[in-house]
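In: Need coordinates for the below:
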Amino acid sequence: MMPMTVAEIAEAVGGRLVAGAACAVPEGPVATSTVSDSRQIRAGSVFVAIPGERVDGHDFVAGAAQKGAVAALVDHVVDGADDIVQIEVDDTVQALGGLAQHNIERRRELGADFSVIGITGSVGKTTTKDLLRSLMAKLGETVAPVGSFNNEIGLPLTALKVGERTRFFVAEMGANHVGEIAKLTSIVPPDLAVVLKVGVAHLGEFGSVERIAQAKSEIVQGLVPGGIAVLNADDQHVAAMTKFAPGDVLWFGLDGDAQPNATRMSAEAVTVDALDRPSFTLVDTDGSRALVHLGIGGAHNVMNALAAATVARHFGMSLNDIAEGLGEVAHISPHRMAVSQIGDGEDSFTLIDDSFNANPDSMRAGLDGLARWQVNGNPQESEAGTSAANAAKPYRVAVLGAMLELGADELKLHRQTGAYAASLGIDEIIAVGNKTDQHFDELASALAQGAQEELGQDAAPSAVAGASNSDLRTPVVVQWVHSAGQADRLVAEIAHQHPNTVVLLKGSHISGLSALAEHWAHVSSQQPTEVEPKH
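Out: Residues are numbered from 1 along each chain as shown. Modelled structure (predicted):
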């Protein structure tokens, strides 16, 4: 954060200073950071008191000074907080955005090189952000959010980490409604905007894919004058956003179907290793090439890597340095295709944790990764040694939670996703519902039904259904359970029965699958936790 006096902060947010007896300095003390979590307060912090569903930040204002806070943004004066300057505003979230906007303006006024890189898309935002953070840090001091801090609270809090020496701010921008990204770009206008994909995430909120495209286009419309748009040449909805670009357009993509005449950053000869980590030849717009071995799993991440490479190339990084940098990123934000070994001995299994959230596009990408998985990093043999290879083949288990905000076609989309999982030859499919949420449970049932229909099953989805399929190595098992705890017990039984078990976790947050992943991680470290999500 750019150092600011309390008086400057009050002016920036249009607030009223309410100073206690211990805060009689005319300009007020100097602030050097902003937080909304009282546990993160340190010397020089501004504490933003945000009312929440369960906790009201105003309850922690009185104790903020003892932790080192110099001021608090409040929507009403808190009695008994005489040791801290209170800045009273109508809406603390709106004031947080105003302060972030002021901080970015202050940084721009210094005149030294500084660029805001905005990222949006229905899938891939956080992974692309993680890749970009790693690449841009090689060119200068870089600020980027942790996890998916991409809304009206997370974005400003991250923007307030920008300081005098920051060279790049990588800003992830998400939305559930039209107008939300426009609001974010009004706080932090990007110099360069990346649009990854227009999919069906939040379709129920937006109403149509066209409305989703409209919302995502707001990041291009929100560019600074002359700003640069970085667009996916394979997505027709993204390609159409070129009409909003105020400056140059840079393209990335594999086949370029949506923009066939565009010169783009591309990839050739894409392959994956036994752990589903992609390798490919990165092809620059001038035809130069470099070999990339991604350190993260998932063939779908090739597109995210291309987007990151396009941005890094624009800012002068050599193609070879980009290729090397992409290969160095082995860990990204939690619950995104994170691979780990759970337990040891005969009941152990490999976990592919992609449980952060889910929509049909990301669910298919995760299932593709599971279907490609091979045991212990050793490629499966296709001719010689067939029996040995079969013995070593992993037993693939897809633990799938329901997907939310998909609108009127949600049941159809769940059935299609279940059918897709079954078509890949995955050994076992476990659809995870929620015993306290009938709607969520019904969506999980549709996943199971889709898988059974693909396999020619007539069994009720609540039953275990085994089906022979001539294209599959073994009968496929489809199950529908009603909690993460039940899924936990099933996976334990499966791992005991099948050596080389590999489990994919994928679903919306309410399914409790991310909590299940954390439970397994703690069990492996002998630190037991609750399995069931708390509501």
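In: contacts, neighbours, all on C-alpha from now
Out: Fine.
In: Would you mind extracting the C-alpha trace of stretch 210-219 into PDB?
Out: Provided in PDB are the C-alpha atoms of stretch 210-219 (Å, rounded to 0.1, in the frame of the first residue of the first chain):
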ATOM      1  CA  GLU A 210     -24.700 -14.400 -24.500                       C
ATOM      2  CA  ARG A 211     -25.200 -12.600 -21.200                       C
ATOM      3  CA  ILE A 212     -22.100 -14.300 -19.800                       C
ATOM      4  CA  ALA A 213     -20.200 -13.100 -22.900                       C
ATOM      5  CA  GLN A 214     -21.600  -9.500 -22.300                       C
ATOM      6  CA  ALA A 215     -20.400  -9.700 -18.700                       C
ATOM      7  CA  LYS A 216     -16.900 -10.900 -19.600                       C
ATOM      8  CA  SER A 217     -16.500  -8.200 -22.300                       C
ATOM      9  CA  GLU A 218     -16.700  -5.600 -19.600                       C
ATOM     10  CA  ILE A 219     -13.000  -6.200 -18.800                       C
END
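In: Return the set of buried residues in stretch 59-71.
Out: 60-62, 64-65, 68-71 (16 or more other CA atoms under 10 Å).
In: Leu132 reaches Ala308, doesn't it?
Out: Yes - the pair Leu132 / Ala308 is scored as a contact, 5.3 Å apart, by CA atoms under 8 Å.
In: Relative to Thr120, how far out is Gln236?
Out: Distance, Gln236 to Thr120, by CA to CA, to the nearest Å: 16 Å.
In: Of those two, give the one with the bigger neighbour count.
Out: Under the criterion of other CA atoms under 10 Å, the comparison of Gln236 against Thr120 puts Thr120 first, with 29 against 16.
In: Bridged to that one, which residues?
Out: The partner list for Thr120 in beta bridges (DSSP bridges) reads Val195.
In: Pretty sure it sits against Val194.
Out: Yes - applying CA under 8 Å, one finds Thr120 in contact with Val194, separated by 6.3 Å.
In: Pretty sure Val502 sits in a helix.
Out: No - counting by DSSP: H, G, I helix; E, B strand; the rest coil, Val502 is not part of a helix but strand.
In: you'd agree it is up against Asp353?
Out: No - counting by CA under 8 Å, Val502 stays clear of Asp353, with 10.5 Å between them.
In: More neighbours: these two, which one.
Out: A count of neighbours by other CA under 10 Å puts Val502 above the other of Val502 and Asp353, at 27 against 23.
In: Which strand residues bridge the more buried one?
Out: Counting by DSSP bridges, the residues bridging with Val502 are Thr350, Arg396.
In: That one: what's it in contact with?
Out: Counting by CA atoms under 8 Å, 6 or more residues apart in numbering, Val502 makes contact with 349-352, 370, 394-397.
In: Out of these, which comes closest to Glu518?
Out: Glu518 has its nearest neighbour among these in Leu351, at 11.1 Å by CA to CA.
In: Report the separation between that closest one and Asn320.
Out: Counting by CA to CA, the gap from Leu351 to Asn320 is 32 Å.
In: Please apply the same query to Gln66.
Out: Relative to Asn320, and taking CA to CA, Gln66 is found at 50 Å.
In: before we move on, back to that, pick out whichever of Leu351 and Asn320 has more residues nearby.
Out: Leu351 (21 against 15).
In: I'd assumed Arg336 was in contact with that one.
Out: No - distance between Leu351 and Arg336: 11.4 Å, which falls outside the contact criterion (CA under 8 Å).
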